Each structure stands twice: as C-alpha cells, then as structure tokens.
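**Student:** build me a structure from this.
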Amino acid sequence: MSTRIEDYALIGDCETAALVSRDGSIDWLCWPRFDSPACFAALLGGPEHGRWRVAPAGELTHSARRYRDDTLVLETDLETADGAVTVIDFMPPRTVESDLVRLVVGRRGSVPMRMELIVRFAYGATVPWVSRLPDGALRAIAGPDMLVLRTTVGDFTVSEGETRWFVLAHAPSHLSPPKPCDPIKALSDTEAFWHEWAARCTYQGEWRDAVLRSLITLKGLTYRPTGGMVASPTTSLPEQLGGTRNWDYRFCWLRDATLTLLALMDAGYFDEAGAWRDWLLRAAAGSPSQLQIMYGLQGERHLREWTLSWLPGYEKSIPVRVGNAAHAQRQLDVYGEVLDALHLARSGGIASNAEGWALEVALVRYVADVWGQPDEGIWEVRGGAQHFTHSKVMAWVAVDRAIKSAEQFGLDGPLDAWRTLRARIHADVCTHGFDASLGSFVQAYGTRELDASLLMLPLVGFLPPDDPRIRGTVAAIEKYLLVDGVVLRYDTTRTQDGLPPGEGAFLACSFWLADNYVLQGRYDDACALFERLLALRNDVGLLAEEWDPRAQRLLGNFPQAFSHVGLVLTAMNLARAEAAQRKPAAQRAATDLAAREA
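**Tutor:** Model (predicted):
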C-alpha cells in the first residue's frame, strides 16, 4: 500500500517543490520547475521510479515531525532501539542553482543510517548515467538534466552531537556541474527568508497558526519568476482511490485569481498579490475568445494531456496524466473571475494602467456575445456542455465588476449598455436557474441537481444572503451534499459528467458553506464547520484537494492551493464577524445601515 497522502510534507524554493514522507523518503520532486518531468516519482509508482531516502538502517520505534517555526524547513525525528536522530530537509531560496539539502543530526545514542538515492528522469522512465566527479561528487545525467550529489558519507552512523549533510543539486546537463553550497549557511539563509516573509502577515486572529501555515504553503506554490501560483505541485493523485479522476494540477488556474488575491491582500501580502495580478494580465492578454481557464507557469497555453503508461499510479489509480485537456474547454465563469480579480486589485490599491482596462472592456464585450451559450462549467466536466447556473452568475459578475470599476474609478465604458446586460443576465438566472419545487438554485438549467458552486451566489453578491432563494439553496446543499461534515461538489451518481461516479468531498466547497453561515449570522455553525475542516489537516497543517468520508483520509493532489485559500478567507471572515459581534449595538446598527446603503 502506498504512503497515505496526508503522511507527506512539503518543502520548496518558490520554483519547485518536493514531498517528504514521515519515514524520511522524498518520493516526489520535479526539477527545475513545478511542471518539469520528475526526478523522483515513487509517489506514483514505487521506489524503482525514483526516490531519495535517508533513514535508520534498523526498525523505527517512533517518528514525529514539524516545520521549524514559520518556515518550510522540515524536521523529522526518527528513533530506534539504538538512539535518535533528526533529519532536516529544506530547499534554499533559489540562486543560480537549485539545491535540496538534508542534514542528519544525532540526538541520542549511535544510529546506523542508510542513504538510498534512485534517480529517474522523465517521470520514472529514464535511467541516468552515473559517474564520479573529480571532487568526489556523484553526477547523474540523461538528456537535458543533471543531478549532482555531494555528501561526506554513504552508509554511516550518527552519534549524539554529530551532523552529517547531503546536498543534491540540479542543473542543465550542458552546463558545468553546479557549485557546492555550504549546507549550514544554507539552512540559516532559508530560515531567515521564511521568518522575514512570515513576519509580514497582518492577521493576528484566533487561528493565526493555521492561517500562517496556509499562507506559507501558498507562497511555496508560487513560481517566483512570474508570480503565477500552481494549484498543486503534484499530478494524478486520485479523487477516488483506484479510479480515473486523476488530473495534473501543476498549472495556474484563472479561477483561483479572485480568492487568492483577496487572501493575500487581507493578510498584508500586497507584493505577492501584485505579482499574481500581473501574471493574470499577461496570461489573459490577447483575443477574449481565446481566454483559457488555466495556463503554464509562464503563461504557456498548450498544455497537451497525455498518459504515463509505465507508472501504475497512486494505489493503482490510473491513468497517470501529464498536461490537462481541460485547458481547451469553454468555461464562461473565468471571465467573471478575471474581472472580479482585477476590480479587487484596483480597490486594494494595486496600481493599474490603461492597457489593463482596455482588456477588461474587451472581455465584457465578448461576454455580452457568449453568456447565453452552454459551457463545461467550473468543475471541468467531460460529459458535454450545459447551461450551468454558476457560469451564468459569473458572467453577471464580469459585467457587474466592470460597472463598479467604471463608477468608482472614473473609467470609460458604455455603462448604460452594461447595466442593461447585467439586469438581463440576472433575470435569466433567476428564471431558469432556480427550481421553485426544490426551493433552491440548481446545477444547470432544466435539471434538478444541486451543486456546491451555488454557494458562491451570495459570496459574489448576486443575491443577498438573507434572500429566501439563497437560504433555500444553502438548506438543500446541507441536506443532500453535506456528508460527514464536509460538502460534495455534486452527486456524481446522478450528474452525467462523463466519468465513472465516486469521489471525495472537495474541501474548498466546505469553506464556502462556512462563509455562507457567516453571512447568514450563523456564527456558531460557521465556527463548528471551520474547526471540523481544521481537524482534517495533516500533522504539519496541510490539506489536499478532497476528503474521503468513507476511508477517512485525504484525496487528490497535495497540498492544494484552493483548500488553503479557503482556510485563510474563512478564518478572516470569522474574525470580522466576531469583531462585529463585540461592537456596541448602536455601532452595529450604523454599520449595518451603511453596508445596506453601499
């Protein structure tokens, strides 16, 4: 059986990342970028497909791990009958080369250790040529890739007070071997980098530790050269064990734009928010009809999907996919996400320019032509286009945010035509997207199926949270999609999405439900659900894409940016709600009146 998804921890250098298991094995690493072919792919196959393990030679009696304070430096305590060691894993902030450093510190007794390094480029398929360099380092080379391992030991024993080190570096194979780094100085530099970054967090609420860990994770998933943020550093970790819902998430989704911007700005990270906004503008530039739902780290558009037939998949979940065919789908909601994100950035004081506004005007012009057409929707279904309610609502958001930007910032636009279009889309959704017999909005026009994306309607301002149609929708989702305290995206046994039924609960949807509770004044329910979701994090505070209520374990790609964005935003919404409750009654009434008038 494979190592459970929650038994991994993340390390990274803001350009790539690795997953480290509880027993000290690095089973997933793509170098030099998140989307590069893996050097270690044991996660999706086995040790023969590449891994790096530094662990006691004898049987473990105990293990524990943690991140060093507010950093991405991982410490794993390993104990045997002979003694105890701590393995320290980290990736220093990127300079010219990319390094992965492992330190083994003796804490008690004398522990025989074994280092095992199996390098496989091209997702576990290519065996490299290994040679020894004049300085004693080992070099593995094949095609465009080169790894160099420098260390003081092979199989070794660590006694109390001793430290052994390993440095694995990547470089293009046509260049000279990367220069050695000082592992102890690299540790100090890495800690300083993360401590400085974490100190900028402005959130000081009840759940600061959880929020800051999520923010550090989001920073770790950011591709520093461009500001893009990958949805996850992994591919093909299944949404259903043994199933086919296995997707490559090492790309940047436009859909994440608004919520990611909001989370970063609310926490005080305006530089990162600005870099993400700039990435968004570059990626979206061009003909509005060619806007994609996702792009590569540098804005690449061709993300061809293919399968790795030589990998058996995580717990035999196949196919293992590279690339994502959904990049070619029509998903109308992304226009709303882009316009919402750009309006949010403008409102947050992130400087904009005339070129950016011209793009927004062009996007709204295109939405006016296509909003009434069917699409594949937010969940990227592969069962054909439908008139998804959420997609229509986000088309409304696109027009609404353009109107608000024009009104609030004095920007030029055909406001009368936009207001007419906004009202027309709103009326269409309320007429065709609401089922009176259910008392709820539905997944798509002409169906009676529910969808967790409907929880976004009050969050984007389409209808107020106390509207009976919104209350009915929340109640219906609680009744039919809430399982084991978490929310399913939709019922895969009833919805024809083009895939076999069955998957876990999408964790971001559960945070959306908690946000709805906050809006409806159900503070205690929101806190209870939030605490339930916090309890699903692994021991180092990480969340995957989904939770399996039956198997009681995390599923999907890991760690998942959208889950951590949801955690950050819900914590901040709860903090604001609690602060509002503490206000004197007269002040609360004045605030409520001002909000209604706004």
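
**Student:** strands of the stretch 51-200 of the chain, start to end?
**Tutor:** 51-56, 62-67, 74-80, 83-90, 98-118, 129-132, 138-142, 145-151, 156-159, 163-172 (DSSP state E, counting those that start in this stretch).

**Student:** is it possible to get a markdown table of the ones you listed that adds distance to residue 211 and mean neighbour count?
**Tutor:** No exception for glycine: its C-beta is placed from N, CA and C like everyone else's. Below are the strands of the stretch 51-200 of the chain laid out as a markdown table (distance: least, C-beta to C-beta, whole Å; neighbours: other C-beta atoms under 10 Å):
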| stretch | distance to residue 211 | mean neighbour count |
| --- | --- | --- |
| strand 51-56 | 31 | 24 |
| strand 62-67 | 14 | 16 |
| strand 74-80 | 20 | 20 |
| strand 83-90 | 22 | 23 |
| strand 98-118 | 28 | 19 |
| strand 129-132 | 44 | 10 |
| strand 138-142 | 40 | 19 |
| strand 145-151 | 36 | 21 |
| strand 156-159 | 36 | 18 |
| strand 163-172 | 32 | 20 |
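
**Student:** now render these as CSV, adding mean pLDDT and distance to residue 291.
**Tutor:** What follows is these, written out as CSV (pLDDT from 0 to 100; distance: least, C-beta to C-beta, whole Å):
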stretch, mean pLDDT, distance to residue 291
strand 51-56, 95, 39
strand 62-67, 96, 38
strand 74-80, 97, 38
strand 83-90, 97, 38
strand 98-118, 96, 32
strand 129-132, 96, 44
strand 138-142, 96, 38
strand 145-151, 95, 34
strand 156-159, 96, 55
strand 163-172, 95, 33
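
**Student:** adding distance to residue 285, write those out as TSV.
**Tutor:** Shown next, in TSV, are those (distance: least, C-beta to C-beta, whole Å):
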stretch	distance to residue 285
strand 51-56	40
strand 62-67	38
strand 74-80	38
strand 83-90	36
strand 98-118	29
strand 129-132	42
strand 138-142	37
strand 145-151	32
strand 156-159	54
strand 163-172	29
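
**Student:** quick one: closest of those strands to residue 242.
**Tutor:** Set against residue 242 and scored by C-beta to C-beta, these come closest in strand 51-56, at 22.2 Å.

**Student:** sheet-wise, list the partners of the closest one with their directions.
**Tutor:** Paired strands of strand 51-56, with direction, are strand 25-30 (antiparallel), strand 98-118 (antiparallel) (DSSP bridges).

**Student:** distance to residue 217 for these - can I get that in a markdown table?
**Tutor:** As requested, the strands paired with strand 51-56 are exported to a markdown table (distance: least, C-beta to C-beta, whole Å):
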| stretch | distance to residue 217 |
| --- | --- |
| strand 25-30 | 15 |
| strand 98-118 | 18 |
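
**Student:** figure out which of those is closest to residue 572.
**Tutor:** Of all those, strand 25-30 comes closest under C-beta to C-beta, at 31.0 Å.

**Student:** quick one, the closest one and strand 83-90 angle?
**Tutor:** 10 degrees (axes from the mean of the first three to the mean of the last three C-alpha atoms, to 10 degrees).

**Student:** give the next helix or strand downstream of strand 25-30.
**Tutor:** Counting by DSSP states H and E, the element after strand 25-30 in chain order, helix or strand, is strand 38-40.

**Student:** and residue 325, how many neighbours?
**Tutor:** Using other C-beta atoms under 10 Å, residue 325 has 15 other residues around it.

**Student:** mind listing what it touches?
**Tutor:** Residue 325 makes contact with 303, 304, 305, according to C-beta atoms under 8 Å, 6 or more residues apart in numbering.

**Student:** and residue 35, by the same measure?
**Tutor:** By C-beta under 8 Å, 6+ apart, the neighbours of residue 35 are 230, 250, 251, 296, 297.

**Student:** residue 480: which of these is nearest?
**Tutor:** When these are compared against residue 480 (criterion: C-beta to C-beta), the nearest one is residue 251, at 31.5 Å.

**Student:** next, the contact list for the closest one, please.
**Tutor:** The contact partners of residue 251, by C-beta under 8 Å, 6+ apart, come to 35, 230, 231, 294, 295, 296, 297, 303, 324, 327.

**Student:** need phi/psi at the residue lying farthest from the centre of the chain.
**Tutor:** What lies farthest from the middle of the chain is residue 134; by C-alpha atoms, centre = their mean that is 42.2 Å. Main-chain torsions, residue 134, degrees, to the nearest 10: phi -60, psi -30.

**Student:** ok, now how distant is it from residue 45?
**Tutor:** Here the criterion is C-beta to C-beta, to the nearest Å. By it, residue 134 lies 34 Å from residue 45.

**Student:** on that earlier part again, inside strands: which ones of the contacts of residue 251?
**Tutor:** Of these, the ones assigned to strands by DSSP state E are 294, 295.

**Student:** mind picking the lowest-pLDDT entry from the contacts of residue 251?
**Tutor:** Ranked by pLDDT, the contacts of residue 251 bottom out at residue 327, which scores 88.

**Student:** I figured that residue hits residue 301, correct?
**Tutor:** Yes: here residue 327 reaches residue 301: they are 7.3 Å apart, a contact under C-beta atoms under 8 Å.

**Student:** right, I'll leave it there.
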